[in-house]
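Undergrad: Below: sequence and its predicted model.
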Amino acid sequence: MATLTVQQAVIAGLTPSYGAAAGGGDQFANSGKAMIHVKNGGGGSINVTVDSQVACSQGSDHDAVVAVGAGVESMIGPFPKARWNDSSDNVQITYSGVSSVTIAIVELP
């Protein structure tokens, strides 16, 4: 599992840096304003799963599973801290496939 660097969006603009998605999953420090930007350069759709840590307002503890099609980019989030942060204040991410998948974490101002 890799710990991803959170990049700060600014009015002057941000050119995010992307890294390869880790086969065992990734994590990032969550302030509640971060978004996951996934680029799927592979030939098939993948699922990105964000691990919910506590029950939602309806009482169910369910993960967020987002399908990202082949050749598609997706912005996922933000993630309110009370529901998504683990005991180390990180958000946990896994992928159904990582071939040609890159990821960046961008925090909104």
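TA: Great, that's in hand.
Undergrad: List the contacts of stretch 7-14.
TA: Outside stretch 7-14, the residues that touch it by Cβ atoms under 8 Å, 6 or more residues apart in numbering are 16-17, 104-109. Where you see a C-beta, it was placed from the backbone N, CA and C, and this is true even at glycine.
Undergrad: low-confidence ranges in this protein?
TA: Nowhere does the chain drop to pLDDT under 70.
Undergrad: Spell out the residue ranges of the helices in it.
TA: Assigned helices in the chain, in chain order: 81-84 (criterion: DSSP state H).
Undergrad: need the strands for it, in chain order.
TA: Assigned by DSSP state E, the chain shows strands spanning 2-4, 6-8, 19-20, 26-29, 34-40, 46-50, 64-68, 73-76, 90-95, 101-107.
Undergrad: in the first one, what's buried?
TA: Pointing back at strand 2-4 there. Using 16 or more other Cβ atoms under 10 Å as the test for burial, strand 2-4 gives 2, 4.
Undergrad: What is that strand packed up against?
TA: strand 26-29, strand 101-107 (3 or more Cβ pairs under 8 Å, 6 or more residues apart in numbering; DSSP states H and E).
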